[in-house]
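Peer 1: Provided below for reference: sequence and predicted model.
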Amino acid sequence: MASVRFTVTPTKAEDLPGLSDTSPDISSRSGARVRFGSRESVNRSDPLSEVSGGGTAGGGGDTPEHSSVDQGDGNSKISSVYINNTHGVDDDDFYDRNLALFEEEMDTRPKVSSLLNRLANYTNLTQGAKEHEEAESIGEKKKSPQMGTFMGVYLPCLQNIFGVILFLRLTWVVGNAGVLQGLCIVFVCCCCTMLTAISMSAIATNGVVPAGGAYFMISRSLGPEFGGAVGLCFYLGTTFAGAMYILGAIEILLMYIAPKAAIFESKHPEGEGAAMLNNMRVYGSICLLLMSLLVFVGVKYVNKLASIFLACVIVSIVSIYVGALVSAFKPPQFPVCMLGNRTITPALVNETTSIWKLFCDGPELNASCDKYFNSNNFSEIAGIPGLASGVISENLWSAYLSKGDVVEKGSLESSVDAHPASTHQPYVFADITTSFTLLVGIFFPSVTGIMAGSNRSGDLKDAQRSIPIGTILAILTTSIVYLTSVVLFGACIEGVVLRDKFGDSVKGNLVVGTLAWPSPWVIVIGSFFSTCGAGLQSLTGAPRLLQAIAKDNIIPFLRVFGHGKANGEPTWALLLTALIAELGILIASLDLVAPILTMFFLMCYLFVNLACGLQTLLRTPNWRPRFSYYHWTLSFLGMTICLALMFISSWYYAIVAMVIAGMIYKYIEYHGAEKEWGDGIRGLSLSAARYALLRLEEGPPHTKNWRPQVLVLLKLDEDAHVKSPRLLTFASQLKAGKGLTIVGTVVSGNFLQSYGEALAAEQTLKHLMDKERVKGFCQCIVAQKPREGISHMIQSSGLGGMKPNTVVMGWPHAWRQSEDPQSWKTFINTVRVTTAAHLALLVPKNISLFPSNSEPCTEGYIDVWWIVHDGGMLMLLPFLLRQHKVWRKCGMRIFTVAQMEDNSIQMKKDLATFLYHLRIEAEVEVVEMHDSDISAYTYERTLMMEQRSQMLRQMRLSKSDREREVSLALIVCEARATNRIQISEHHRRVQMTWTKEKTSQYRATHSGCSTPEGFRDMLSIRPDHSNVRRMHTAVKLNEVIVNKSHDARLVLLNMPGPPRNPDGDENYMEFLEVLTEGLERVLLVRGGGSEVITIYS
C-alpha cells in the first residue's frame, strides 16, 4: 500500500512552527491530518493554532520542544530532548536512537552489527561446540587456510586410495575371478565407497568438521557411544592399513628389487613360504621402526615427501596405460614355459639336464619319470600377447584355485592321466585357496582412503565446497582406473601369468610391471615408493585420530593417549599405533592382513551411511547440508552394501569386528537402561520411553540438537470453539510432524465446577489437532484468571527433558477497541512469563491471513529482519518453515540494520559468510538507518498515545468511583429499612465520608472528561522522552520494513521486550502496533536466551 512520509529536521527548536499540545481532534482545526492508521504526516505550510492557555510570551510556551527551561543564569537555555537534541543526553550517547525500542535488553540481545563486528573469522563466533572454543582459545592463531579442491582434497584422496593392492594383487584378482567377476568386485567396492562419500559429503558440509574426520562426524551425529566404537574401528583400520602398506613395500623389496637380501632361506620348497614370512617380519619391523621415528621427528617431513610419493603413483599408472597401448603394436617379450597346460617356473629350468633331474629319479635315460612329464611336451607361449591378441575371451571367466593347485592354461592340450603335481617339481603353484568372497576382502582396501579430504577440512579455503567435489572426483577417477585396469589386464596378459601371484612364470618379474612401458622397473620403483608413502600417511593419521578420541574423554583408559609433545604431536598415541601395526606385521601375509582392515573400514563406512540416513529421516533442524545431492535411500543402500561386503569377504571377521564395536559401545555407555519387561511390546515401549526421558534429563540439549518443542496457546469462545485455528495450522507447518507439540487452553472458573467444561475443551482441541494432522498432546487448565492459568501451564507443561522451549500465542485482536483490558494485559503478562522461563516466543500477527496447509505459496519471499541477536531463532525458523510444502517454494531474504557508525559493506560480507557456514541459502541486504531527527509524525503519534492512555485511565477511575457510590448507597438504604442504624459522629466519619459535595469536588478535580478545565489539563500533557525515542524506533523501522518487505509472504521480526515498568504496558502495545503497521503477515520472535543454531556439524 502506498504511503506518504516526511521528516521535519529543523536545526533549531525555533524553526519548527508552533507544535501544540492538541487532542486527536486537532485535524479539524487545520489543513493537516494525523491518524493512527496511516503514514500521512503533517503539512506544515500552515502553523497550528495554539490551545488557549498553552503558551505565553517570553519563551514560557508549553510547546513540546521546550522540554525544560533553565533560568538559573537569567538566560533562557532551551534543551530539546525530542527534536534535534544537540545537548548531552546520556541515553542517546549510549544507545542508538534508531534502536531505542530494544535498549532495555541490549545486554542480553546485542545489536547485529556488534555481533558481526566480531566476525573477522567465522570461528570467532559463539559456537555450539564448546570443546572447539577451548581449543581455539588455547591454541595459537593459525594462518588462514588456503588449500583448494585440487591440492587439498583431490590429490590426497588419490594418494590414499591408490595403493599396494593395485600393483601387487589386482592382476591376480583378475586372473582368478575373470574379467566379468573382476569388474563386479571392483564395481561393488567402488559403489560402496561412492555411496559412503555421498553420505560423508552431506555430513561434512553440515558444518565445520575438525580433525578426526569420520570419528567426529559419527560421534556428533549418532552420539559418543557409536562415535567411540566406530572411531576406534576406524583407528584400528588405519593402523592395520599402515601395516599392510609396509608389508607390501617389503614384498616388493624382497621379491623384485633385492631378492638376495633375504635373511632366512629354505633348502626345501616346502619351507620357502615360512622363510619368506620370517623375512617379512624382520624387514617389516625394521621399516616400521624407521617410519615411526620419521613421524616422531616431524610430520612436516612426511608432508614434504607426500608429493614425491604421489608423483610415483601417477607415473606408475600412466606407464601401465602406455604399455597396454604399445602392446597392441609391439608386445613385450616375456615368454612363458609350459609343460602340457601346466606353467613352469623358468628360473628352475636352465637346461635339459636340470629338467630331467626334476621330473625323473636320476640322470639316466632309462630312469623312471613322472607320467605327466612323459606324456606331455614343453611349449612356449607369450606372457603378454598384447591388446590386439584377443586373449580377453579366455580371461572372461573365473578360474579359482585351491591351495597347492598348479596354474594351468585350459586351452592347451594335456594328458588326462595326470597325477597330482609334487612341490619338488618346477610348477607355479597357488599359495592359497581363492574364491569370490576372499578376493572381495583382499581388494576392498584399495578403494579406502576416501576420508583424506574431510580430515584436512581445517586447511581448506572452502571446505564445504571442496570436500564433496574433491572426494567424489577422486572416487570417480580411481574407479575408472580400476575398471579400465581390469579390462586392460584381461585383454593384454595371458591368464596363467595373471594367476601367478609373484610372477614366477615371467622370471620373477612383478606381473603388472611386465605390461609397463618402457621398463618393468618403472612400476617396481614407483610402487615401492608409493607404498612407503601410504604407510607413512597411515602412521601419521592414525595417532591423531586416537588423540582426538582420547581428548573427548569418552573412553577413560585411553585418556593418556590424548597427551603429546609440547607442539601437540601425539607421542603416546604414536607408540600405541606402532605396537598395533607390529601385530599386523607379525602376521606377515598381505592376504591375511587385508581382510582385517576391510572389516574395520566397512564398519566405519556403514555407520557413516547410517548417520546420514537417520539425520535425513529425523529431519533435525541442524541438518542443513550444503551438499544437496543425497537421499536417505542412498545412505541405506550404502549401509546394506557395507554389511553385505563384511559377511561376503569373511563372516567370522565380520562377527569379531561387530563384537569389538559392541563391547566398546557398552563400555562407553556403561550405565545402560534397566531391563523392565512388562506386558510384551508395551513393557518394552515404557522401558524405552523411561530410559530416553532419563537420558534427556542428564543435561541441557546441545545447540545442534535444539528444535522448537512448541506450546501452542489457544483461546476458546463461549461456545467452546477455537478462536484462531490457524495458530495450530502455523504450528504444524513449523514442526512438520517432528518433535514435541503441546496445545493448551485455559478455562475460567473453579475446577470442581468446571471439570466437564474442561473435558469438552480438551476434546475440541483433540479434534482440531486431528484435523490439522498435528501429532502431540493437549492440555487444559482451569483457573480463576486466564493469566494465572497461562503462567501455570508454561511452568508445568511437559515431562522431564520433553518440556516445551517455545510458546506460540496469538496477537490480541482489536485490543484498542476491546472493553476488557484483560486481553492485552494477559498478552503482556505472558510475554513476561516466557522471558522469565527462558522460553522462546512466537507471535503471529494477522493470523487469519496466514496460508492453510492446502494453500501452498508458489513464489515470494520469507523476509527476516534481524535487528538484535537473540540466539539465532530468526535464522532457524524460516529454514524449518521451508521444510513444509506450504513455504517450500519461498525464497529467503535477510535484512539487518546498520547505524551511522557501522561499516555496512563489511557487515554484508560478514553476514554472508555467517550464513554460508550455517548452510542457509538466503539473499542478504544491510539497510542503513541514518541518525535522523525525530519527525513531527513520531512526536504527534506519541502525544496521541499518551493522551489516549490518560483518557482511558480517567474513564476507568470514574467507573470505579461510581461503583463505589452505588455500593455505599445500597448499604445505607438497607440499614435504614431495618431501623437498626444509629448514626453517630464516629460512624458518620467512617461510613458516610463519601458525601454528595465531596463527590462533586472529586469529579471536578480528577475526572478529565467532565469539565473543560479537566479536558484542558489532559491536553497539556507533554510526551515522555523515552516514549518519543521508542516511537521513533518503531516508526523508522516500520518505514524501512514496509519499503523493503511490502510484497513478502511472511515477515519475521525481533519482538522487543515489554517495559520493566508495568505502567507503560499500554504504550508497549502501541509500539508493537506501529512497528508492524502496513504488513500483511508478521511473525514476532523472541529468543529464549540460548543459542539455537551453530555452524558445527
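Peer 2: Sure, I can see it.
Peer 1: which phi and psi does residue 742 have?
Peer 2: Dihedral angles phi and psi of residue 742 (degrees, to the nearest 10) take the values phi -120, psi 130.
Peer 1: which secondary structure element contains the residue nearest to residue 1078 when sequence neighbours are not counted?
Peer 2: For residue 1078, ignoring the flanking residues on the chain, the nearest one in space by C-beta to C-beta, 6 or more residues apart in numbering is residue 1042 at 4.5 Å. Quick note: C-beta positions are derived from backbone N, CA and C, even for glycine. Per DSSP states H and E, residue 1042 falls inside helix 1025-1045.
Peer 1: Return the set of buried residues in that helix.
Peer 2: In terms of neighbour count (16 or more other C-beta atoms under 10 Å), helix 1025-1045 has its buried residues at 1025-1042, 1044-1045.
Peer 1: Could you do stretch 290-304 as well?
Peer 2: Neighbour count says stretch 290-304 has 291, 292, 294, 295, 296, 299, 302 buried, by 16+ other C-beta under 10 Å.
Peer 1: Okay, and which of those residues map to helices?
Peer 2: 291, 292, 294, 295, 296, 299, 302 (DSSP state H).
Peer 1: The second one: what's its closest spatial neighbour, skipping adjacent residues?
Peer 2: Same thing as residue 292. In this structure, residue 292 finds its nearest non-sequential neighbour in residue 578, 4.5 Å apart by C-beta to C-beta, 6+ apart.
Peer 1: picking that back up, roughly how far does the residue nearest to residue 1078 sit from residue 853?
Peer 2: Residue 1042 sits 28 Å away from residue 853 when distances are taken as C-beta to C-beta, to the nearest Å.
Peer 1: OK, contacts around residue 1085?
Peer 2: If you count contacts by C-beta atoms under 8 Å, 6 or more residues apart in numbering, residue 1085 has them with 840, 841, 842, 843, 870, 873, 874, 877, 1052, 1053, 1054, 1055.
Peer 1: is it in a bridge, and if so with what?
Peer 2: Note on residue 1085: beta-bridge partners residue 842, residue 1054, judged by DSSP bridges.
Peer 1: Any figure for the gap between it and residue 525?
Peer 2: Relative to residue 525, and taking C-beta to C-beta, residue 1085 is found at 66 Å.
Peer 1: What score does the residue nearest to residue 1078 have for pLDDT?
Peer 2: pLDDT recorded at residue 1042 is 91.
Peer 1: re earlier: kindly reformat the contacts of residue 1085 as a markdown table and extend each row with neighbour count and pLDDT.
Peer 2: A markdown table is the format used below for the contacts of residue 1085 (neighbours: other C-beta atoms under 10 Å; pLDDT from 0 to 100):
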| residue | neighbour count | pLDDT |
| --- | --- | --- |
| 840 | 27 | 92 |
| 841 | 22 | 93 |
| 842 | 24 | 93 |
| 843 | 24 | 92 |
| 870 | 25 | 81 |
| 873 | 26 | 87 |
| 874 | 25 | 88 |
| 877 | 23 | 90 |
| 1052 | 26 | 93 |
| 1053 | 26 | 91 |
| 1054 | 27 | 89 |
| 1055 | 24 | 89 |
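Peer 1: between those residues, which is closest to residue 239?
Peer 2: When these are compared for distance to residue 239, the smallest value, 44.8 Å, is given by residue 873; criterion: C-beta to C-beta.
Peer 1: so what's the residue lying closest to that closest one once chain neighbours are set aside up against?
Peer 2: In space, and not counting its chain neighbours, residue 873 is closest to residue 1087: 4.6 Å by C-beta to C-beta, 6+ apart. With contacts taken as C-beta under 8 Å, 6+ apart, residue 1087 has the following neighbours: 109, 840, 870, 871, 872, 873.
Peer 1: let's see 10 Å
Peer 2: Residue 1087 sits next to 108-109, 806, 835, 838-841, 868-874, 876, 1054-1055 when contact means C-beta atoms under 10 Å, 6 or more residues apart in numbering.
Peer 1: and what of residue 757?
Peer 2: Counting by C-beta under 10 Å, 6+ apart, residue 757 touches 716, 720, 747, 748, 749, 780, 782.
Peer 1: can you pick the most crowded of those?
Peer 2: The member of the contacts of residue 757 surrounded by the most neighbours (other C-beta atoms under 10 Å) is residue 780, with 23 neighbours in all.
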